[in-house]
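Engineer: Quick one: sequence plus predicted model below, questions after.
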Amino acid sequence: MRRLVLDRPALSTVALLLASVLLASAGQALAEGNAAKGKAAFAAKCALCHQVGEGAMPLIGPPLNGIVGQKAGAFPGFAYTPGFKENFADTTWSDKNIDPWIADPKALVPTSPMALAFAGIPEAGERADIIAYLKTIPK
Ligand code: HEC
């Protein structure tokens, strides 16, 4: 009986530890972006021009399977614009360099169809969600 009483503080310490671990991982998920939300945002804002998944075909833009970690401008047979090729020569896509491109394509390649027909995603959290989603799509 005594033992139970003594165990109580230990139990609440464990609960506190668990709570802080959960909070920390929730914070991390936020900074990393939410892939489920990103999927919806991609469908609403990018899928008009970009397909993903099995059998993805070029539309106005190239398919984006496995794009994070891939060389820019590398989809076989896609006619990238000269401005895009120049700006992204020797670029490998990462969270860091996709972010400004989808935030404001006009600022990077004003002549790209992506810049001409798409205003970009001004909200950093939404960009992080979309990037997190792109990372879940295998090549
Ligand atoms: C109006 C059509 C359009 C929309 C909308 C659009 N894009 Fe694009 N995107 C393009 C085109 C076209 C290119 C190729 C650029 C060029 O050749 O100038 C491109 C290129 C890209 C590339 C580089 C691909 C590669 O092979 O290197 C990424 C990454 C990309 N877009 C992501 C996105 C994301 C994410 C969204 C939504 C937030 C989006 N795009 C919305 C048309 C679009």
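Structural biologist: Sure, I can see it.
Engineer: List, one by one, the residues from this structure near the ligand.
Structural biologist: Within the chain, the positions adjacent to the ligand are 45-46, 48-50, 60-62, 64, 67, 72-75, 80-81, 84, 93, 98, 102, 109, 112-114, 117-118, 121, 130 by Cβ under 6 Å from any ligand atom. Any C-beta I mention is one placed from the backbone N, CA and C, and that applies to glycine too.
Engineer: Just the ones in helices from those, please.
Structural biologist: When DSSP state H defines the helices, the subset of those inside them is 45, 84, 98, 102, 113-114, 130.
Engineer: which one of those sits closest to residue 33?
Structural biologist: Residue 33 has its nearest neighbour among those in residue 130, at 7.4 Å by Cβ to Cβ.
Engineer: Show the contacting residues for that closest one.
Structural biologist: By Cβ atoms under 8 Å, 6 or more residues apart in numbering, the contact list for residue 130 reads 33, 38, 41-42, 45-46, 102, 121.
Engineer: need those in CSV with neighbour count and pLDDT, can you?
Structural biologist: Below are the contacts of residue 130 laid out as CSV (neighbours: other Cβ atoms under 10 Å; pLDDT from 0 to 100):
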residue, neighbour count, pLDDT
33, 22, 95
38, 22, 98
41, 21, 98
42, 20, 98
45, 17, 98
46, 21, 98
102, 18, 98
121, 20, 98
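Engineer: show me the contacts for the residue nearest to residue 113 when sequence neighbours are not counted.
Structural biologist: The shortest distance from residue 113 to any residue other than its chain neighbours is 5.8 Å, reached at residue 60 (Cβ to Cβ, 6 or more residues apart in numbering). Residue 60 makes contact with 48-49, 113, 117, according to Cβ under 8 Å, 6+ apart.
Engineer: how about 10 Å then?
Structural biologist: Shown in contact with residue 60 (Cβ atoms under 10 Å, 6 or more residues apart in numbering): 48-50, 113-114, 117-118.
Engineer: With that, I have no additional questions.
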